Structure formats: C-alpha cells, structure tokens
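K.L.:
need a structure here:
(2 chains)
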Protein chains: 2
Amino acid sequence: MSPTMVEHSGLDIMCLNKYCHSSSSSSSSEQDKKVFTKLKLSLSGDYPRKNAEILSGQYGTNVLLIGAALMLAIAHHGPSVKEEHLLSFVTCLMLLQLIWMMWYILVRDRQKNARTDKDVHATTCWIRGGLTLLALLSLIMDAFRIGYYVGYQSCVSAVLGVFPVIHATHTIAQVHFLWFHIKDVIKSFETFERFGVIHAVFTNLLLWCNGVMSEAEHFLNNHKRRLSALGYGNLTIVHSEPHCNCTTSTCSMFSSSLFYLYPFNVEYHIFVSAMLFVMWKNIGRTIDLSLNQKRLATKTQGLTVGPILGLFALASTIGILVVYVTHVEESLQTRQSAISMFYIYGIVMLVSMCSAGAAALLIYRADHVPLDTSKNPSRQLDMELLFGSSIGSWLMSWCSVVAVLGTNSSPPYRWTNLIYSLLIVLEKYIQNIFVVESLYRQQDDGQSEDPELAVSPEIFSVTSSLAPPYDGIINRAYDKPERTCVTMENDQEESGQVYRCPRKPSEVPLPVGSKVKEPPNVKRQILKNIAVFLIMCNISLWILPAFGCRPQYDNGLEQETFGFSVWTTVLNFAIPLNLFYRMHSVASLFEVFRRV
Amino acid sequence: MSPTMVEHSGLDIMCLNKYCHSSSSSSSSEQDKKVFTKLKLSLSGDYPRKNAEILSGQYGTNVLLIGAALMLAIAHHGPSVKEEHLLSFVTCLMLLQLIWMMWYILVRDRQKNARTDKDVHATTCWIRGGLTLLALLSLIMDAFRIGYYVGYQSCVSAVLGVFPVIHATHTIAQVHFLWFHIKDVIKSFETFERFGVIHAVFTNLLLWCNGVMSEAEHFLNNHKRRLSALGYGNLTIVHSEPHCNCTTSTCSMFSSSLFYLYPFNVEYHIFVSAMLFVMWKNIGRTIDLSLNQKRLATKTQGLTVGPILGLFALASTIGILVVYVTHVEESLQTRQSAISMFYIYGIVMLVSMCSAGAAALLIYRADHVPLDTSKNPSRQLDMELLFGSSIGSWLMSWCSVVAVLGTNSSPPYRWTNLIYSLLIVLEKYIQNIFVVESLYRQQDDGQSEDPELAVSPEIFSVTSSLAPPYDGIINRAYDKPERTCVTMENDQEESGQVYRCPRKPSEVPLPVGSKVKEPPNVKRQILKNIAVFLIMCNISLWILPAFGCRPQYDNGLEQETFGFSVWTTVLNFAIPLNLFYRMHSVASLFEVFRRV
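P.N.:
Predicted coordinates:
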C-alpha cells in the first residue's frame, strides 16, 4: 500500500545510474549503505506530521466515498447492489475500529505510569453525558433491529442480523472510549494512531450517512403516499419489505418504532465523529498548560425569563407537531391550513430568536472585550461546523424564496413562506455571530472588570462545606486554586485517585438585591437568559423536522418550480444538515451559557 | 440591516428596567450617557475581527446560495424562472464589485505615500500572467456573446446583451486589480473591505458556477443526442435556441465556438476567486517580514527526461482526443473501441504519474528536512483546495468501481475501467502528498546541506553582469543579499521605483560534469524533471474532459447501476471539480518546480 515501501528498490536503481557514478570521492557501495540507513531512519521515526495528516485524511475521505458510492447505487434500487453490501462494508469498518480501540486501550494501560497530555477543551462532562443517553437509545434501536431480523430470519440476509450485534458492541466500546480517552493527546505511534482515529471518524460519519439515507427514504415514501392519496398521479413507492411472513408478532411494531429512534442514532454518530475529529487534530500537539483554564460553574441565579419563554416555545412546538402530523394527512383544505399554521408559528419563533440574538450582540458591542486568539482546535471546529451546516438550510430557504417569487399559483401560505424563509436566513446569521463571539471572548477580562465574580462561583459549589478553610494564609500552592483544581478534576476520573481541592469558606448566599448591584452581572444574567431561551428554541426547531413536520415536502410551491427530483435532492441534502445544525447549536449555546 | 443599529434603543430600555435601578451610586442618566459613548466607540472603531470574518463570510455564502437556487430553478426549465433572471442577478453583483474596486483603487491612490504591507506569498508573476491570458480568452468569449445577441436582438432579452458588456468591463478591471492590488494587506476600513473582498470572491465563484452549468448542459444535451442516435429511447433535449432567425450570418458560428472557450473562462473565475480569498484571509494580518523569503530562480539545467516524456504525453493526448471525439459518435462497435482505447491510454498515463510521484516521495524520505510550519494562508488554501477538489473525482472513481463490480453486462472495457478508476484514486493520493510535502519543506536546510547551491542561482541570473562586483568585502547591508532583493523586487512594480541589487560576479557556467558532483543537486534535478512531467500530464488530463472526452457519459456501465439522473448529477458535480483539480495542480506543481 505505501508507495514508500513499494518503490524501495527504485531509488537504488536511480542511485546506481546517476548519482553514484557521478560522485568520484566515495565508492558507490558506501553511498548505498548511507542512503539505506537514512531511509530506514526516516521510515521508522519521524515521518513528517503534515504528510501523516494528509495520508490519513485522504484514507478516511476515500472510505467515506466508497460508502457514498454504495449508497447512491442502493438509492437506484437496481438489481446488482443491495443494502446487504453496504451493511457488510460498514460492519467491516466497525470491526476494524473495534480492533483499533482495543489496541489503543491496551497500549494506554501498559503505559499507565507515563503521564498523558489531555486537551481540556476537547469535551465536557455534559456532552459526554448527552452522548451516553443517545448511545442508549441507539442500543434500543439495535435491539429492535435484532428483533426484526429474528422475525424475518428465513428470508433476509444474515448481514441484517450481524450488523445490529456489531453495532451494539461498537456503541458500547465507543462510549467507553469517549469517557476515558477522547481528551488524550497522542504522542506515540503518531502516524499509526492518526489512521486509527481518522478511521473511527469516518466510520461514524458513514453510519450517520446511512442513518440519514434511511430516514430520507422513509420520509420520501411517506410523501409519495400522501401525494398518491391526494390523487397526484403515479409515483412508485419502493418497499423494502421482506418477501416472507414474520414469524413473531412484533415485526411491524419494531419497524415502525425504528423511525422514531433514527433521529437520536443519527445525532449520536455525527457528534462522536466531531469529537474524534478534534482528537485527530490534537495528535502530536503540544498543549500549552499555562493557558488560563477557568472553572465553569453552571450558575443558575437570576434565570427566570429565558427558561419560562423557552419552555413555552417547547410546549407550543409539541402542540404544533401533533396538529401538523395529524392534519397533513387529510384533505387539501386541512393540509393547507396545517401548513399555514406551521409558517405562522415559525415566524413568531424566529422573530423572537432574532431579537434575542440581536439583543445579545448589542450587549457585547456595549461591553468591549478583546477576543481570545489562542489555538483551540475544538472551538475552531465548532465554528466551522456551525457555519458549514447552516449552508444546507440557507440553500433550502433561498430556493423557497425563488419559488415563492417565481410561482404563478397562490396558496394561502405563499407570503408567510417567504417571510419564514427570510427569517430562517437571518436567524442563523445572527445566532452564528452570537455563538462565535461568545466562544471567542476572553473570560479573564470579564473577571478583572468585575471583582465580585471571583467569589461568586463558590456560592453555587455544592461540595464547598467539605473543603478545608482558607482563612487568609498565603500559600504558593493555593495561589491559583481554581486552575489547579481544574487540572486535577480532569485527571481524576482517569487515574481513579480522588483529590480534594482547597476552597474558600462557603458564603451564605446574599440577598439578590445586593448581589446584582454590579452592572456586568446584569448583562451576564440577560445573556444567560438569552442563551437558555435560544437553547430551548433550537431544541424545538430540531424536534419538528426530526419527527415528521417537514412542510417543505408538503407545500408544493418549490416542487412546482424545481421539479420533484431536484427538490427532493435539495431536501435530502439540506434537512440532515439542518438537523445537525440545530443539535450542534444547542451544544454550542450550552457552552455559551456556561461561559457568560 | 445591522442588528446592532436596529436594537439600539433596546438596550436603553433594558438599562432603565434593570440595571440602572439596581445601581444606587450613579444616576441613571449618567449611566445612559456612558453606555452610549461606549456603544459609539465600539461601533465606529474596533469591531472584533473574528466577527467581521463571520459576518462577511456569511454574506458571501448567502449570495452564492441565492445564485445556486436560481440555477436549480433554471435547470428545471420551468415557466417561471428564466436564464435572464440569473444573468441580471450576476450583472448586479458584477456592478457592485466594479464600484467597490473603483473605490478601493481611489482610496489607495490617495494614501500613496503611506506604506502598504504586501503578502509576498499571495501570488506570483507567472500566475498573474496565466490569468491575464485566460482573461483575454474570456474577453473573446464576451465578444462572441455580444455578436450572438446582435444577431438575435429582436427576440431575446436585453439582459443577454448587457451581461457580456458588463462582464468584459469586469474582466478588464479585475485583471488590473490582480496586477496591482492582490498582494495588499488591508489595514484600514477593515470591516467594510472584508465585505468588498468577499463579495468579489463569491461573484467570481458564482460566475464559475454559471459557466460550469452551461458547460454541463451542453455535454448533457450532446450525450442525449448520442443516446437517441444509438436508439436508446426518448430523452427530451431542451433547446435554448431563440425563436427567431439570426439577422447576421455568424450566429451559429458564435454559439458553437463559445463551448471551446468555456473551459478557459471557467478556470479564470475559479482561480481569481481563490486569489481573492487569500486577500480576504490577509485582511488585518501582521506580516512577519523576518521570514526568509528566498528568491526562486527558475533553473532549467538538467531538464531533459521530464519535458520530453511530458511532451510525448501531451502529444498522444491530443491524438487520443481527436480519435475519441470522432469515433464516439459512430456505431456501437467504434464507440466501444474508442472507450477501450481511452482507458488503456489512461492506465499508461496514470501508472507513469504514480511512479513519478512515488519516486519523488522516496527521494524526500531519503533526504530528511524539517517542515516549515509558519503561517501562510495562501499555501494553506492551496492544500485545502487540492484536497477538496480531489473529492469529486474520487467519488466518481468509487462509483465506477461499484458499477463494474456490481454489473451483469460485460463490455470489453469493463476491467480496464476498474483499473483506471483505482489508478485515478491512487494517482491523486500520491500527487497530493507530493505537492503538500514539497510546499511545506523548509528551503533553508537544503541550502545549508548543500554549499554549492548558494552560488548556483547566480549562474542563471540574466541581469548579473549589470550588477556591481562583490569581491569579498564584508558589508552588513549585503549580509543577506538575496532576501533584501526579494523585498525590493516585490515592492518595485507598485512603487514605480527601480532598485538594483548588488550581486556576486557572474560565473561562467561550468561544464555539467563538475557541477553535478554534489549528490543533492542530482536529487533536485530528478525532482524537477518529475515536476515538469507531472505538469504536462495534468495539462493532458485537463484537456481531455474540457474538450469533450468524457467516457463516463459514454460507457453506460455506471448509468446502468446508478440510473440516468443520479449518475448525471454525480458527473455534473465531479467533472467541474476534477477540471479545477487538474488546473490547480498544474499551478501547484509549477510552484514545486520552482522550489525544488
């Protein structure tokens, strides 16, 4: 595989032909030896980092593209390429990843006494917690798949049974890996590990693509069924049902429940691949431990307006979802009113989100803080992902705008659709700027401006009464107590040892009136409320398309302008990106919430 | 538009409600004033750089997406959205860019005495020369378009006449901009200039997309015509011919010549947008002038094998192109033999390219040099573009592999297609690694390892006899003569002043035998030959698809597995990327050629 190995003898020939003959001072055999030693040295040791990155990056991309080619072939429903082929390919990739993870964990265990660098920015407890939850739902999905396979065992390929078993094993192993190794900064066997990590990244990405494809097909079939029910002509619905009867009574239950679990499985895989990608970027990096790592305490004081409005948004979303899904199946009249309702609801949501984001940006403008430009691959990736995944729904919105302006028909929701689409563009625009600026603002300056804040984290510390008092004795070890504790906290879980950090004596929470007398605190509280509100709104806007409320399929305007195939292609590209955007912005906004 | 402006009064309300009441020490009106002053200050001056990047980046992306939405609507050939709409939109964008460029040039002229920083890595003379050539061909294309419009004036929209006129003006102004301002590092009106530059980037990108779409449609229509001629059923060919007769005799000549000029126009726009993107990345950057900027002399000594083999490849390519294009239109038998011929030719080409690349990498492995990790947005972008544009043809190749392995039919070129596709993947893999490693290798170490090289550039210097002699007198100003000259050289063209750099006395070129006795020189010569050979091969592989040799349309294997619409979509995405890849790798390899 490696060109360097294959062409080994090539250089000797060249050497014999040109280079050794032309040098008169040293004999050709001596030169040969020298070249060999050099070659061996550079092969074994210091393969340039940039090259290793490109090598492994290209490998990963190609793995994904093979999968994409298989998926495209399956989407055609031709006779030659079947879903089994794709599933076997993915199963092989997962097995490879399992082997690599096992190897990695074993090697790490043997080097237990050697200190491993950790990138504290790489992930947070609550992200890992969330992922564990998503992984549990994925496991349930695997169980359903196994149940489905058992029912149809006689007439479906064995791959359909093997795949969920391997996937479940893979999920469990990967969650273990996430908890104990995702922050590692790898410094040994770098080139090999790069391949391992990137393999894991792209395996998860392929699993994401696979999930997205299954979901898209499900929605497309639903859409076609509705169109047929409304008498819109002869669209062929391709059923992938097996050709025998189910031997158990639960098959249809399993297959219909699967589609409610898909959204979680899909988010699980894309999040894991983003985290693994950060790990890949960190390989061989030298972490600057002197950077100030502030302990982020999740302060909940003064949080009222944001959560209340957010919960209200969430509740109304669920109402809208139920009404929409039940009404869109009915007559043309009800269908149109359901779509209109959706757009009006959307406009209200988006206007509030835009105002919230704009208010937050205005607060930032009034309170100038220099931006932090230190290297942080995790943050950089967050930003790029937010920006990149916006493109999907922006494209969808602009298509809607073009369709609304160009169409001749005039359904009741024509102009609300226009406003909704423009607001979608504006809302993502503002929200992205807000998130990026929040993540890049330096935190220290906030503290120095605001002396009260140095104390305030302690108020919410639950364990503070357990800590020894710190009554004014100056001690070098306690000079930067916060930072020291962070480092310890992060090591703690891996090493199994428990450190207790010295803390200042806990203060009795003061009445709110005297606490918020410092102006920046009010700003912080407003920002926190805004962040919470935006989180809830983003969750709402994730729930709707994830569970079947996709008016872009149902309103018919865009389909008229772009044609069925182009428009469904755009939707199949844009909706998964949009779903990812919403989930990812929830994660980013939570980070913002903790920082402001 | 700006949320900061719209929500201006919002903060005051917030301030009145919460923050000012809670502060007892200062009066509310004083606080109001303070906030106002702060707001004004931050609005006028230091808008954070990261935010400005995101703001302008998002603006540009949305401009492109509006264009993409219009294109998708046009591709459907519906009644509502016509090509005129897209062209008017693009014309407006070009006008805006023209205004911005004029403004920029005027402002620069007024600040003539103030020193502007230049990013010497941003571009080279030969790239600008090449672009000027492409721009000239674009101008010819505009002339043809105007001629076409004049012929059909009575029945086509006026936009078809306005567009080429504006495009020609835009091209001329942009080439002027490229020659005199593309290296500027903008440090005043940063936020505004960011919008200007990114607008220019995305206008060019949209013009690229537009060209690509026209080309793709042309090829698709050709393909459908061939299929119909072979009796493959009823594919509707959409003609965009006007509904009246041409008043001059040259209309058909104009419209058919246009398609031979499209490839150049397309490459022109994508290259310009890449260069402008580097300019955008450079805004506000502090250039580290202490970095060693080595003068790159294009040495041509010892170049024999590479150019000869390259010319041979180029000549055979043109032969293959002619044979292919004439034979593929004929009977099924000739068609199949033409396709087989193409694949065999491709395999020979790719095997030689792979071997050349692998040999070059092997030489690098034997000659360890640390990589240069200094910041260089231009190089970073080069790498990302190479990698990103490879994805298109990798996807195409993997689709071919899936199709070949999955198909039941067995045309004579089945297995050659498989080998060809795998080699395409391997060739890009190796070539990318080679280019990236070449661009990242530090050049100084090569010099210190190889004392002879410090002298050798002078041998090829044409102007050396004009320079004052440098006979051993040690002078601090001449300590690093090469670097000083480079800086001057780069300023020279803009400031209009001419510096003469002191040079060592020119040496009479020594006989080749004694010159090449130092081993690294031989390595360099091999590398140079390889680079030239690869350049020629990449040009060959650009010519073939650009001028109509696209066996992916004609071989029928992939179409069988993926279906007509999916496969043409894949091709419409992959072929333009592949064309860009080839052109871009020619540029990168030329850079490599100058460096090694």
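K.L.:
Tell me how far A:I140 lies from A:G556.
P.N.:
From A:I140 across to A:G556, the span is 36 Å (CB to CB, to the nearest Å). Any C-beta I mention is one placed from the backbone N, CA and C, and that applies to glycine too.
K.L.:
These two: which has the busier surroundings?
P.N.:
A:G556 (21 against 15; other CB atoms under 10 Å in any protein chain shown).
K.L.:
Leaving out the residues flanking it, which one is nearest to that one?
P.N.:
Leaving out its chain neighbours, the residue that sits closest to A:G556 by CB to CB, 6 or more residues apart in numbering or on different chains is A:P411, at 7.2 Å.
K.L.:
Now name the helix or strand holding the one you found.
P.N.:
Assigned by DSSP states H and E, A:P411 belongs to neither a helix nor a strand.
K.L.:
Check the secondary structure at A:T247 for me.
P.N.:
Classification of A:T247 using DSSP: H, G, I helix; E, B strand; the rest coil returns coil.
K.L.:
so it makes contact with A:Y149?
P.N.:
No: A:T247 lies out of contact with A:Y149 (CB atoms under 8 Å); the separation is 11.0 Å.
K.L.:
Which residue of these two possesses the greater neighbour count?
P.N.:
Between A:T247 and A:Y149, A:Y149 has the larger neighbour count (other CB under 10 Å), namely 22 against 11.
K.L.:
What ranges does the stretch 101-250 of chain A have for its strands?
P.N.:
Taking DSSP state E, counting those that start in this stretch, the strands of the stretch 101-250 of chain A run over residues A:117-118, A:184-185.
K.L.:
Which among these is found nearest to B:H218?
P.N.:
B:H218 lies closest to strand A:184-185 among the strands of the stretch 101-250 of chain A, at 51.9 Å (CB to CB).
K.L.:
Ignoring the adjacent residues along the chain, who's closest to A:T334?
P.N.:
Leaving aside its sequence neighbours, A:T334 sits nearest to A:H327 (CB to CB, 6+ apart; 4.7 Å).
K.L.:
In this model A:S337 seems to touch that neighbour, though I could be wrong.
P.N.:
Yes: A:H327 is within contact range of A:S337, at 7.1 Å (criterion: CB under 8 Å).
K.L.:
give me the low-pLDDT residue ranges for the stretch 351-500 of chain A?
P.N.:
For the stretch 351-500 of chain A, the stretches flagged by pLDDT under 70 are A:443-500.
K.L.:
all helices of it, in order?
P.N.:
A:377-406, A:414-440, A:444-449, A:456-459, A:481-495 (DSSP state H, counting those that start in this stretch).
K.L.:
which of the strands of the stretch 101-250 of chain A sits most buried?
P.N.:
Of all the strands of the stretch 101-250 of chain A, strand A:184-185 has the most neighbours on average by mean count of other CB atoms under 10 Å in any protein chain shown, namely a mean of 18.
K.L.:
Just the mean pLDDT for it, thanks.
P.N.:
For strand A:184-185, mean pLDDT is 86.
K.L.:
any idea how far the nearest residue to A:F259 once chain neighbours are set aside lies from A:V212?
P.N.:
Closest residue to A:F259 apart from its sequence neighbours, by CB to CB, 6+ apart: A:H218 at 5.4 Å. Distance, A:H218 to A:V212, using CB to CB: 11 Å.
K.L.:
who's more crowded, these two?
P.N.:
Between A:H218 and A:V212, counted using other CB under 10 Å, the more crowded position is A:V212 (22 against 14).
K.L.:
any idea how far B:L395 is from that one?
P.N.:
Distance, A:V212 to B:L395, using CB to CB: 17 Å.
K.L.:
which parts of stretch A:414-428 are buried?
P.N.:
A:414, A:416-428 (16 or more other CB atoms under 10 Å in any protein chain shown).
K.L.:
Check stretch A:101-114 too.
P.N.:
Buried, per 16+ other CB under 10 Å, within stretch A:101-114: A:M101, A:Y104, A:R108.
K.L.:
Out of these, the closest to A:F177 would be?
P.N.:
A:M101 (5.3 Å).
K.L.:
List the contacts of the closest one.
P.N.:
Each residue near A:M101 by CB atoms under 8 Å, 6 or more residues apart in numbering or on different chains is listed here: A:A173, A:Q174, A:F177, A:G196, A:A200.
K.L.:
Next up, the contacts around A:S255.
P.N.:
A:Y148.
K.L.:
Please disregard the earlier target; I meant A:A531.
P.N.:
Contact analysis of A:A531 by CB under 8 Å, 6+ apart lists A:G306, A:A360, A:S438, A:L589, A:F590, A:V592, A:F593, A:V596.
K.L.:
how about a cut-off of 6 Å?
P.N.:
Residues near A:A531 by CB atoms under 6 Å, 6 or more residues apart in numbering or on different chains: A:L589, A:V592, A:F593.
K.L.:
Quick check on these: which are buried?
P.N.:
For the contacts of A:A531, a neighbour count by 16+ other CB under 10 Å gives the buried set as A:L589, A:V592, A:F593.
K.L.:
Show me the residues you listed that map onto helices.
P.N.:
Among the buried ones among the contacts of A:A531, DSSP state H puts A:L589, A:V592, A:F593 in helices.
K.L.:
The helix or strand A:F254 falls within - what's its average pLDDT?
P.N.:
If you go by DSSP H and E, A:F254 is part of helix A:251-282. Taken as a whole, helix A:251-282 has a mean pLDDT of 89.
K.L.:
again with stretch A:155-166
P.N.:
Averaging pLDDT along stretch A:155-166 yields 92.
K.L.:
What are the buried residues along that stretch?
P.N.:
Result for stretch A:155-166 [16+ other CB under 10 Å]: buried residues A:V156, A:S157, A:V159, A:L160, A:G161, A:F163, A:P164, A:I166.
K.L.:
Just put the residues you listed in JSON lines and tack on distance to chain B.
P.N.:
Output for the buried residues of stretch A:155-166, formatted as JSON lines (distance: CB to the nearest CB, whole Å):
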{"residue": "A:V156", "distance to chain B": "20"}
{"residue": "A:S157", "distance to chain B": "16"}
{"residue": "A:V159", "distance to chain B": "16"}
{"residue": "A:L160", "distance to chain B": "19"}
{"residue": "A:G161", "distance to chain B": "23"}
{"residue": "A:F163", "distance to chain B": "19"}
{"residue": "A:P164", "distance to chain B": "24"}
{"residue": "A:I166", "distance to chain B": "22"}
